[in-house]
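> need a structure here:
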Amino acid sequence: MEQHIQQQVQDYYGRELTTSQDLKTNACCTDDIPTAHKRILATLESEVLEKYYGCGVCVPSAVEGLTVLDLGSGSGRDVYLLSKLVGEQGHVIGVDMTEEQLAVANRNIAAHTTKFGYAKPNVEFRHGYIEDLAAAGIEDNSVDLVVSNCVLNLSTDKAATYREIFRVLKPGGELFIADVFADRRIPESLRQDPVLYGECLSGALYTEDFRRLLRELGINDYRLMSQRRLTIDNEEIEQKVGNIKFYSLTVRAFKLALEDQCEDYGQVATYLGTLPDEPNGFTLDDHHHFETGRPMLVCGNTADMLALTRFGAHFRLDGTKDRHFGLFPCGPAVTTASSSAADDTTGSCC
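Have a look, this model is predicted:
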């Protein structure tokens, strides 16, 4: 059954869709693109842009010099965006299972290498399945950052995919994704619909099952960056999905041993204003914005996300975990699972 769905997805993105204009819903569309990204995207080859099917912005800040893995890289749009952002000393690997998409990505390597003024390419594309990155030659603890743009919902084995992600990430490395999630579990009858699956709807994870899956892998706290309710804009498909609500969520998670609650150790974080293009402040998630130079009381998990990752050089952390003051008084956003009256979803205790 899994192979059958994978083949359907390959056919959908390799043959049925010729450009993003052929999509039947608004699930695979992107808004709120940062200005700096827009400038780079404007220089990319048109063929690469036309076959882009992402649903959000899956590129975080401070990526210069990193080794980045893009899961479901398609025509290479985000790989080439990252190619410019990581610089000539960085490296970007795209993995995709669709030969037609890989052909587009590969034939544009030389053009973008020249465009960016690099002596040699800093990107490569590999054919493979995101459920088995070892088969694509991705080694343990070898990647600083894993990104994916509206692809993980297409995985036929979500547990294997996320297990592989945290296998290949280095300690302190980051998963940063934009993907489609649902406010409830999708009925099996809808999962078998090739159009709904190809449109990134019926393969969407229920948000609470996503939280549980990460926790089983030892990732106790992930953070929501942004969210957008999908309206679908197709009456026939809206009738099929009924009352299921779909969201495009941008999420980050670090390969760190964090606690399953936000605990208070009296720690204080101060952003130094040293990240490129972020002189005035840094945003960790949807409710942690650090103004440059202003001390901010943080929970233990947030302190570790700042101190034990690539962001450590850009923060001053005061305090240790020698003294505990109980739960940290965070005000989490309302989850779709717990409130039918709200459209917000959060992924962490903080």
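
> just the pLDDT at the spatially most central residue of the chain, thanks.
Here the mean C-alpha position of the chain is nearest to the C-alpha of Ile177 (CA atoms, centre = their mean), at a distance of 0.5 Å. Per-residue confidence for Ile177 comes out at a pLDDT of 96.

> and it, helix, strand or coil?
For Ile177, the secondary-structure state derived from DSSP: H, G, I helix; E, B strand; the rest coil is strand.

> packing partners of the host helix or strand of Ile93?
Ile93 is part of strand 91-96, with elements assigned from DSSP states H and E. Here strand 91-96 touches strand 67-71, helix 77-86, helix 99-106, strand 123-127, going by 3 or more CB pairs under 8 Å, 6 or more residues apart in numbering; DSSP states H and E. The way it works is simple: take the backbone N, C-alpha and C, and place the C-beta from them, glycine included.

> which residues are in contact with that strand?
Taking contacts as CB atoms under 8 Å, 6 or more residues apart in numbering, the residues outside strand 91-96 that touch it are 66-74, 76, 79, 82-83, 86, 102, 105, 122-128, 130, 133, 136, 138, 143.

> and the strands in the stretch 101-250 of the chain, which stretches?
Taking DSSP state E, counting those that start in this stretch, the strands of the stretch 101-250 of the chain run over residues 123-127, 143-149, 169-182, 205-206, 223-229, 246-254.

> could those strands go into a markdown table alongside distance to Phe325?
Compiled in a markdown table, the strands of the stretch 101-250 of the chain are given as follows (distance: least, CB to CB, whole Å):
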| stretch | distance to Phe325 |
| --- | --- |
| strand 123-127 | 47 |
| strand 143-149 | 33 |
| strand 169-182 | 26 |
| strand 205-206 | 34 |
| strand 223-229 | 22 |
| strand 246-254 | 23 |
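
> from Leu256, how far off is the spatially most distant residue from the centre of the chain?
Of all residues in the chain, the one whose C-alpha sits farthest from the chain's mean C-alpha position, using CA atoms, centre = their mean, is Arg323 at 34.4 Å. Distance check for Arg323 against Leu256: by CB to CB, to the nearest Å, it reads 21 Å.

> repeat for Ile165
From Ile165 to Leu256 the distance is 14 Å (CB to CB).

> who has more neighbours, those two?
Legend: neighbour count by other CB atoms under 10 Å for Ile165 and Leu256, higher for Ile165 (26 against 19).

> tell me where the chain is predicted with low confidence.
By pLDDT under 70, the low-scoring segments of the chain are 1-32, 331-350.

> now the helices for the protein?
With DSSP state H as the criterion, the chain has helices at 2-11, 35-41, 46-50, 77-86, 99-106, 109-115, 158-168, 188-191, 194-198, 207-216, 235-241, 300-307.

> what's the second one packed up against?
Right, helix 35-41. If you count contacts as 3+ CB pairs under 8 Å, 6+ apart, helix 35-41 packs onto helix 77-86.

> what's the span of stretch 66-78, first residue to last?
Distance between the boundary residues of stretch 66-78 (CA to CA, to the nearest Å) amounts to 15 Å.

> ok, stretch 291-301 next?
Chord length of stretch 291-301, first to last residue, is 19 Å (CA to CA).

> what do you get for stretch 216-225?
End-to-end span of stretch 216-225 (CA to CA): 22 Å.

> quick one: buried residues of that stretch?
By neighbour count, with 16 or more other CB atoms under 10 Å as the criterion, the buried positions of stretch 216-225 are Leu217, Ile219, Asn220, Asp221, Tyr222, Arg223, Leu224, Met225.

> isn't the fourth one right next to Ala257, touching?
To tie it back to what came earlier, the one meant is Asp221. No: here Asp221 does not reach Ala257: they are 10.3 Å apart, not a contact under CB atoms under 8 Å.

> gap between the nearest residue to Ile40 once chain neighbours are set aside and Thr43?
The shortest distance from Ile40 to any residue that is not its chain neighbour, by CB to CB, 6 or more residues apart in numbering, is 4.8 Å, and that residue is Lys84. Between Lys84 and Thr43 the computed distance is 8 Å (CB to CB).
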